[in-house]
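Peer 1: just coords:
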Ligand SMILES: Nc1ncnc2c1ncn2[C@@H]1O[C@H](COP(=O)(O)OP(=O)(O)OP(=O)(O)O)[C@@H](O)[C@H]1O
């Protein structure tokens, strides 16, 4: 981490090598878990690669934390396996799993110094004193807190406490690092800073890492790949761009970014095939597009083009501007078409007069190759 001005990058890299462990893969195979009659995890299968920064992303209550705690050994599955680096750890207690979990609350000991907090896990394991000193110094150096080793947690900012919690976990040299909403106690500005630091730290250590969050921006900016979850079911796994560009279903499309979803019917065949929606909407369908049954038209706000005059392309429809939100780089318009409001973003051009206003009639054009055709699921 570079947040501490006196942290020398060479020293920091050297510190990382003190704690370096070989990156391992992690597999979750056919896991089901119930709390009484509440079936929380439903046939979860995931393959996480060595050194990958992986996110469990989904709305509150979808089972992210339950799955993370299952990997850590604090929850027991009804069936299925967790395999880390080729070793089935499903029946091992938490302390034998070589897995480090950073809690949302940090859970630091208030009466101990930063250094003692970080050393505690090593003392518990009976590690020799000189080795503890070496590893604690390295862990604090990595998180940029070498100069605050003697402070108490209450004398640190939220971001610094979070880094102590991280140092305390990486110092035990886990094979896998698990982070349970690690940024949720920080204010918006700190979150952005700390998430960059987290990414840097993870890259330096090369540790296979799983990050639980309900915040898509956090997952998108920090992680290599994401498992999107809903109601205990993994909906899709992919890179942030893959999930955004090729969502597998309506849930993924609408959970990651803004998406317009329009109901209608696919009509005609061959070159004549097209989508007919409300208000006389007619959208061309690329001839090679493979459509699911009962296809809905889904498109992102920035792919639609607005114009005051009817465009020459066939894939357009008329609407009225109901809402205008200035977001900085774009202006977001709410456009009413046949009783439904859709969202269209126009790039904001500083210095130019805005071409559209509330109440204005406009045409919305959707290029055929930027439409997503998704089924009801
Ligand atoms: N110890 C428990 N006993 C009974 N039910 C539980 C327990 N822990 C979680 N649940 C239930 O399991 C479901 C999944 O909870 P979980 O905490 O894994 O969700 P989450 O996706 O992490 O949500 P959040 O983002 O709000 O933390 C919820 O319905 C929750 O009420």
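Peer 2: Now that the structure is in, tell me what you want to look at. Quick caveat: nothing in here was measured; it's all calculated off a predicted structure. Numbering: from 1, shown residues only.
Peer 1: Give me the phi and psi for the residue nearest to residue 303 when sequence neighbours are not counted.
Peer 2: Among residues not flanking residue 303 along the chain, residue 370 sits closest, at 3.9 Å (C-beta to C-beta, 6 or more residues apart in numbering). (Each C-beta comes from the backbone N, C-alpha and C, glycine too.) Torsion angles at residue 370 (phi, psi; degrees, to the nearest 10) stand at phi -110, psi 10.
Peer 1: Show me this structure divided up by domain.
Peer 2: 9-254, 260-374 (automatic domain parsing).
Peer 1: Check the ones you listed for me: which has the lowest mean pLDDT.
Peer 2: Lowest mean pLDDT within the domains of the chain: domain 260-374, at a mean of 88.
Peer 1: so how far is that one off the chain centroid?
Peer 2: 28 Å (C-alpha atoms, centre = their mean, to the nearest Å).
Peer 1: how about the residues of this structure near the ligand?
Peer 2: 35, 38, 40, 58, 60, 61, 62, 63, 64, 65, 66, 214 (C-beta under 6 Å from any ligand atom).
Peer 1: So among those residues, which ones count as buried?
Peer 2: 40, 58, 62, 63, 64, 65, 66, 214 (16 or more other C-beta atoms under 10 Å).
Peer 1: Contact partners for the fifth one?
Peer 2: Translated: residue 64. Residues in contact with residue 64, defined by C-beta atoms under 8 Å, 6 or more residues apart in numbering, are 56, 57, 58, 212, 213, 214, 229.
Peer 1: I figured the second one hits residue 216, correct?
Peer 2: Same thing as residue 57. Yes. Taking contacts as C-beta atoms under 8 Å, residue 57 lies within contact range of residue 216: 6.3 Å.
Peer 1: Identify the contacts common to these two.
Peer 2: With C-beta under 8 Å, 6+ apart, residue 57 and residue 216 have common neighbours residue 255.
Peer 1: And these two? Which one has more around it.
Peer 2: Neighbours were counted for residue 57 and for residue 216 using other C-beta atoms under 10 Å; residue 57 has more, 28 against 19.
Peer 1: Show me the beta-bridge partners of that one.
Peer 2: Under DSSP bridges, the beta-bridge partners of residue 57 are residue 213, residue 228.
Peer 1: Check the domains of the chain for me and report the most buried one.
Peer 2: Highest mean neighbour count of those: domain 9-254, a mean of 18 (counted as mean count of other C-beta atoms under 10 Å).
Peer 1: Including distance to residue 126 and secondary structure, could the buried ones among the residues of the chain next to the ligand go into TSV?
Peer 2: Converted to TSV, those look like this (distance: C-beta to C-beta, whole Å; DSSP: H, G, I helix; E, B strand; the rest coil):
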residue	distance to residue 126	secondary structure
40	37	strand
58	39	coil
62	39	coil
63	36	coil
64	34	helix
65	31	helix
66	32	helix
214	39	coil
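Peer 1: Helices of the stretch 151-300 of the chain, start to end?
Peer 2: 158-170, 188-205, 216-222, 240-245, 250-255 (DSSP state H, counting those that start in this stretch).
Peer 1: For residue 85, which of those helices is the nearest?
Peer 2: Judged by C-beta to C-beta, the one of the helices of the stretch 151-300 of the chain that comes nearest to residue 85 is helix 188-205, at 15.6 Å.
Peer 1: now that closest one against helix 158-170, angle please.
Peer 2: 20 degrees (axes from the mean of the first three to the mean of the last three C-alpha atoms, to 10 degrees).
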